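*Asks:* Got a predicted structure plus its sequence, pasted below:
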Protein chains: 2
Amino acid sequence: MKKITIGEAARQSGVKVPTIRYYEGIGLLRVPSRSEGNQRSYEPSDLKRLVFIRHARELGFEVEAIRTLLSLQDNPLQPCASADAIAKARLVEVEQRIRSLTALKAELEMMVEGCGHGRVDQCRVIEVLADHGQCAHHGH
Amino acid sequence: MKKITIGEAARQSGVKVPTIRYYEGIGLLRVPSRSEGNQRSYEPSDLKRLVFIRHARELGFEVEAIRTLLSLQDNPLQPCASADAIAKARLVEVEQRIRSLTALKAELEMMVEGCGHGRVDQCRVIEVLADHGQCAHHGH
DNA sequence: TCTTGCACCTCTAGTCGCTAGAGGATGTAG
DNA sequence: CTACATCCTCTAGCGACTAGAGGTGCAAGA
């Protein structure tokens, strides 16, 4: 039962102090007990939860998805179909995002390579932006 | 000089009506003339500008970058080094983003594949989120 | 002419996930 | 005792829109 301050929790979890308070506000984190001087006082389990949240955020899960994942974690005997579905949906999103960014990269490369570093009226960057018809990929 | 309404401009440019008004508000688009009934009235040049903006947004350029690109387009005799620099910076961002998303994809795939579709307490998705040490990539 | 109904107008507030700052209380080291 | 860091609450801001309220304009059919 070694209780720690919010600052220490921030240091150990990698989540910033105002963000911890924000997570409490939106109900991702339980309301912690307070010290005599009204300061938040966290337990190891809170720390674990913070690391879980941080990690999920780094993987790009939205707060609502994390809310669901946390409630699943809190009820470990339930079937994990939901967790699986959330992760799969995220995977599909990420794959889609990679595809569109790759197309985008090709287009930017064309723009940059085509730029003769002369005047704007000969600049391929501006030209391509002005005329969509010159795009390599018309999907967007 | 065929003037069009904001709705028609939206249809032809692919930029939504409230977004056109928003662009006017932040100064990306000139303040258009008005009809007798106080309705915005756009010219072909506005339409071109809207398409330019839409295209740049689709390529992920921020509004401030677009502001610069537009001012370059308005002064075609200047050297295009700025446009080139903006596009290059965006390219670097995109490449970085693709790299991190690819790492993320690998991690999500591991999570999804490892999930035995049983109960939460055996679920790899939850497990990996809870314990950062199990990640394939520790960079994040 | 009337009326229906869509498109337009302005303005404010909400979205997401924080982040920054004001203004004050508490805790700790020298 | 005095700094100074850290904590507290509260409000407002970020980017790039989006949604909605409450009202006006306009074109076409009955």
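*Replies:* Structure's in. What do you need?
*Asks:* Check the burial of A:S33 by counting its neighbours.
*Replies:* Counted with other Cβ atoms under 10 Å in any protein chain shown, residues neighbouring A:S33 total 10. Using the backbone N, CA and C atoms, a C-beta is placed for each residue, glycine as well.
*Asks:* Bridging across strands, which residues link to it?
*Replies:* For A:S33, the beta-bridge partners are A:S41 (DSSP bridges).
*Asks:* what ranges do the helices span in chain A?
*Replies:* Taking DSSP state H as the test, the helices found in chain A are A:6-13, A:17-25, A:44-58, A:63-74, A:81-114, A:124-130.
*Asks:* Could you identify which of the ones you listed is most buried?
*Replies:* Neighbour counts (mean count of other Cβ atoms under 10 Å in any protein chain shown) averaged over each of the helices of chain A peak at helix A:124-130, with a mean of 22.
*Asks:* pLDDT of that helix, averaged?
*Replies:* Helix A:124-130 carries an average pLDDT of 87.
*Asks:* any bit of it sitting next to chain B?
*Replies:* Yes. Counting by Cβ under 8 Å from any Cβ of the partner chain, contacts between helix A:124-130 and chain B involve A:V125, A:I126, A:L129, A:A130.
*Asks:* show me the contacts for the second one.
*Replies:* What it means is A:I126. A:V120, B:L69, B:L72, B:Q73, B:P76, B:C80, B:A83 (Cβ atoms under 8 Å, 6 or more residues apart in numbering or on different chains).
*Asks:* farthest pair in these?
*Replies:* Greatest spacing in the contacts of A:I126, by Cβ to Cβ: B:L69 and B:P76 (12.2 Å).
*Asks:* before we move on, back to that, and of the residues of helix A:124-130 next to chain B, the nearest to A:V94?
*Replies:* Nearest to A:V94, judged by Cβ to Cβ, of those is A:L129 at 27.2 Å.
*Asks:* Quick check: residues of chain A near DNA strand C?
*Replies:* With Cβ under 7 Å from any atom of the strand as the criterion, chain A comes near DNA strand C at residues A:16, A:18-19, A:22, A:35-39, A:57, A:62-64.
*Asks:* According to the record, where do the domains of chain A fall?
*Replies:* The record's domain parsing of chain A by automatic domain parsing lists A:1-78, A:80-140.
*Asks:* Lowest average confidence across the ones you listed, which one?
*Replies:* For those, mean pLDDT drops lowest on domain A:80-140, to a mean of 83.
*Asks:* what's the spacing between it and its chain's center?
*Replies:* 20 Å (Cα atoms, centre = their mean, to the nearest Å).
*Asks:* Mind checking if that domain is in reach of DNA strand D?
*Replies:* No. No part of domain A:80-140 sits near DNA strand D under the criterion Cβ under 7 Å from any atom of the strand; the closest distance found is 13.3 Å.
*Asks:* Residue in chain A with the shortest distance to DNA strand D?
*Replies:* Closest to DNA strand D within chain A is A:G7: 2.1 Å, counting by Cβ to the nearest atom of the strand.
*Asks:* Run through the residues that contact that residue.
*Replies:* Contacts of A:G7 by Cβ under 8 Å, 6+ apart are A:V17.
*Asks:* Can you say which two of the residues of helix A:124-130 next to chain B are spatially most distant?
*Replies:* The span of these, defined through Cβ to Cβ, is set by A:V125 and A:A130 at 9.8 Å.
*Asks:* Let's check: the centremost residue of chain A is which one?
*Replies:* Residue closest to the mean C-alpha point of chain A, counted by Cα atoms, centre = their mean, is A:G60 at 3.3 Å.
*Asks:* And that one, its phi and psi?
*Replies:* phi 90, psi 10 (degrees, to the nearest 10).
*Asks:* That one against B:L104, yeah?
*Replies:* Yes. A:G60 is in contact with B:L104 according to Cβ atoms under 8 Å; the separation is 6.5 Å.
*Asks:* Appreciated, that's everything.
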